[in-house]
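> Prediction below, plus the sequence it came from.
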Amino acid sequence: MAGKVLVLGSGGTVGSKLVRALLEKGERVKAGTRGAAPAEDAEAVALDYQDCSTYGHALEGVDRIFVMAPGGYLDPVALLTPVIRAAAARGIKNVLMTVLGVDADDDQPYRQVELFLEKTGAQFVILRPSTFADNFHSHWLEGIRHGVIALPAADSKTSFIDTRDIAECAAAALTSDAYNGGAFNLTGPEALSYAQAATILSRAIGKPIAYEPVDAETFIGMLTAAGVPDAYAQYVAGTFRSVREGRFAQVTGDVERLTGRPPRRLDTYAEDNAAALAA
Ligand SMILES: NC(=O)c1ccc[n+]([C@@H]2O[C@H](COP(=O)([O-])OP(=O)(O)OC[C@H]3O[C@@H](n4cnc5c(N)ncnc54)[C@H](OP(=O)(O)O)[C@@H]3O)[C@@H](O)[C@H]2O)c1
């Protein structure tokens with residue numbers, strides 16, 4: 001493939017690892033950003049999803065694009081479809097990251113984005129990851145500092161995935177045509193309860209961490225007290241309904257199908273991120 005790869009969310013959790021993985025494969029990478037410093041040796045390029053005037057320059061010389069909705073946005077359809085349309089009009093292949101299980105309901109916003117992409121006629125690959133293991137050292141770190149992971153997950157199980165695996169899957173999908181037209185459900189190797197996850201994290205950082213199931217209202221109150229806008233707190237709490245219903249307990253072999261090796265275990269994630277988890 002002769003052109004460059006444009007990575008959106010290039011400074012984010014998955015995007016930053018994807019930029020690195022693509023550079024290691026010898027690809028020329030444009031790192032889309034609203035202004036922050038470029039990742040690694042990638043070429044930084046200004047792109048704001050919400051400003052179509054930034055698309056033309058960012059898409060120049062590009063034949064593949066990685067698209068995802070950054071955290072904090074409530075309407076992925078409004079956010080993502082303009083750039084998907086612009087890329088498709090230029091014949092650019094699109095690797096889109098959504099969320100595990102969205103294909104169960106065509107009315108789900110992320111599913112609407114997938115269907116929009118499919119109808120553009122562009123080459124595409126869809127990646128639907130399970131819950132990120134990395135949430136423990138980002139979103140849930142403050143709780144871990146206090147020895148408690150308090151979430152409205154009841155005793156449900158989740159197939160936590162290391163975002164290094166997601167990035168490696170995205171790199172495979174972007175650098176081969178073998179997966180075009182496919183959708184891949186990316187999960188870790190096993191489904192664990194949050195109590196089991198807390199035990200694994202405790203072992204890795206040598207400090208007791210307990211899981212405390214809370215109800216949705218309590219959880220929303222915790223998020224808003226930490227400065228999360230109410231509408232987004234409600235949205236995050238809503239995602240835990242699917243967690244309690246078991247949507248994120250699914251385990252698949254799709255990481256291995258794309259990368260040729262099994263996904264990392266939560267123990268490996270915890271050991272490799274012990275410093276961040278103990279920070
Ligand atoms: N967390 C989970 O457990 C989980 C599970 C499954 C799926 N997902 C999905 O994963 C996605 C989040 O992935 P992530 O955590 O890797 O993303 P992320 O870290 O939240 O992405 C942040 C990046 O997005 C960029 N960004 C923010 N607003 C932008 C805008 N208007 N235009 C262009 N760039 C913008 C920022 O770059 P600049 O500041 O440089 O512009 C930033 O580097 C969500 O769609 C979520 O639904 C998450």
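Yep, it's here. Residues are numbered from 1 along each chain as shown.

> what's the neighbour count on the residue in the chain positioned nearest to the ligand?
Checking the chain residue by residue against the ligand with Cβ to the nearest ligand atom singles out Gly12 as nearest, at 2.5 Å. No exception for glycine: its C-beta is placed from N, CA and C like everyone else's. Taking other Cβ atoms under 10 Å as the criterion, the count of residues near Gly12 is 17.

> wait, doesn't it sit right on Ala69?
No: counting by Cβ atoms under 8 Å, no contact exists between Gly12 and Ala69, whose distance comes to 10.2 Å.

> For the residue of the chain closest to the ligand, which residues are in contact?
When contacts are counted by Cβ atoms under 8 Å, 6 or more residues apart in numbering, Gly12 touches 68, 70-71.

> and the nearest residue to Val214 once chain neighbours are set aside, what are its bridge partners?
Closest residue to Val214 in three dimensions, ignoring its sequence neighbours and counting by Cβ to Cβ, 6 or more residues apart in numbering: Ala150, at 4.9 Å. When bridges are called by DSSP bridges, Ala150 pairs up with Glu212.

> give the contact list for Ala150.
By Cβ under 8 Å, 6+ apart, the contact list for Ala150 reads 143, 211-214, 218-219, 222.

> Likewise for Ala198?
With contact set as Cβ under 8 Å, 6+ apart, Ala198 has these partners: 149, 209-211.

> Give me the buried subset of the residues you listed.
With burial judged by 16 or more other Cβ atoms under 10 Å, the buried subset of the contacts of Ala198 is 149, 209, 211.

> how far away is the second one from Leu201?
If I follow you right, that is Ile209. For Ile209, the distance to Leu201 under the criterion Cβ to Cβ, to the nearest Å works out to 5 Å.

> Get me the contact residues on this protein for the ligand.
Residues of the chain lying close to the ligand by Cβ under 6 Å from any ligand atom are 8-9, 11-15, 33-34, 36, 47-50, 68-71, 97, 99, 129, 131-132, 135.

> Just the ones of the contacts of Gly12 in helices?
Of the contacts of Gly12, none are assigned to helices by DSSP state H.

> so how many other residues sit close to the nearest residue to Thr81 once chain neighbours are set aside?
Take Thr81 and drop its neighbours on the chain: the residue closest to it by Cβ to Cβ, 6+ apart is Phe116, 5.2 Å away. Counted with other Cβ under 10 Å, residues neighbouring Phe116 total 16.

> Show me what the helix or strand hosting Phe116 is packed up against.
When elements are assigned from DSSP states H and E, Phe116 belongs to helix 109-120. On a contact count with 3 or more Cβ pairs under 8 Å, 6 or more residues apart in numbering; DSSP states H and E, helix 109-120 meets helix 76-89, strand 93-97, strand 124-129.
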